[in-house]
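>>> return a 3D structure for these sequence lines:
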Amino acid sequence: MEAYNYYLKGRELLYRDSKSGYMAARQMFIKAIELDPSYARAYAGIADCDTFLYLRTTESVSPESILAMSEKALALDSNLAEAHASRGAALTTAKRYDEAAAEFEKAIGLDPNCFEAHLFYARACVFEGKIEDAIAQFERAAAVKPDDYQCMCLLVQFYRGLGREQDVKEAARKGVKLAERQLILHPDDARAAELGAAAVRELGDLDRAREWTARARALEPNSPPTQYNAACNYAQLGDIDKAFDLLEQGLKNAGPEWGRWIEHDSTLEPLRNDPRYKRLVEEAHKRDSARS
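Have a look, this model is predicted:
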């Protein structure tokens, strides 16, 4: 039971989506393994932490080491859905998308309610530009975990990109409520503030959108994901120069995810015709290639 509690705490910290969160989550999973060396879920958790560290930071983590950790989880329990989801995410870091999809499908077949399988699958679909497939997986993840704010807030973005206005408003209303709840429980959660700001903006409360964006930046001033999401909010609010400043700052310490996500992010549409945008995309792809 103690190992399980460490595992749950690790999952909670992981989804704060900050470097400090990933590192702290990793320690929780390690503590779980110290208590139970055969705890497959904890090994899968470490693999997931390393996946996000690889994709979103400049930490020295390799796709090969992430795959090895996920395979350790599978060696302990080959029927564990979380382990297959972790292997799928690990394969995504190496751009082995077809193999990753097979692992996600296997995970969902073992457990249709595996949140990680749907979430990681959705993210992989975004990397490939398969937005409708990504939406389907984000929707399923949100149904599995109805108190999760991030899936609902991300759906706002992708519904907007496809012009699904009614879905945008419904997702925004739900996303704001979920983000508000998260911020009451965890006032230091920058991710809830930065993603919630986008949902607030869609409901027309621009002052509150700016307030939540500023809150996220105050909580995680040097976090590339926070800088990226703040830039998206500023782009939509018409603060183009501020958006570019944040993107340029964040790119210095960002992982390869930016190069895979940025072209499919409809919230950056106001920046696309600016020469600075093309340079940013080229630099992001160059960094991704150098890391791969």
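>>> any stretches of this protein with poor pLDDT?
290-292 (pLDDT under 70).
>>> tell me the buried residues in stretch 89-105?
89-97, 100-101, 103-104 (16 or more other CB atoms under 10 Å). Glycine gets a C-beta too; all of them are placed from N, C-alpha and C.
>>> measure it end to end?
Using CA to CA, to the nearest Å, one end of stretch 89-105 lies 12 Å from the other.
>>> can you list contacts of that stretch?
Residues from elsewhere that reach stretch 89-105 (CB atoms under 8 Å, 6 or more residues apart in numbering): 47-48, 51, 54-55, 63, 66-67, 69-70, 84-85, 87-88, 116-117, 120-121, 123-124, 127-128, 256, 292.
>>> next secondary structure after the longest helix along the chain?
The longest helix of the chain (DSSP state H) is helix 165-185. Next helix or strand after helix 165-185 toward the C-terminus (DSSP states H and E): helix 190-202.
>>> returning to that earlier point: closest one of the buried residues of stretch 89-105 to residue 267?
Of all the buried residues of stretch 89-105, residue 92 has the smallest distance to residue 267: 21.9 Å, by CB to CB.
>>> hmm, back to that, elements contacting the longest helix of the chain?
helix 149-161, helix 190-202 (3 or more CB pairs under 8 Å, 6 or more residues apart in numbering; DSSP states H and E).
>>> and the last one with helix 149-161, angle?
Between the axes of helix 190-202 and helix 149-161, defined by axes from the mean of the first three to the mean of the last three CA atoms, to 10 degrees, the angle is 40 degrees.
>>> hmm, who's touching the helix or strand following helix 190-202?
Sequence-wise, the next helix or strand downstream of helix 190-202 (DSSP H and E) is helix 206-219. For helix 206-219, the external contacting residues (CB under 8 Å, 6+ apart) are 179, 188-191, 193-194, 196-198, 200-201, 226-227, 229-230, 233-234, 237.
>>> helix 206-219 vs helix 165-185, what angle?
50 degrees.
>>> next one: helix 206-219 to chain centre, how far?
Its chain's average C-alpha position is 19 Å from that of helix 206-219, according to CA atoms, centre = their mean, to the nearest Å.
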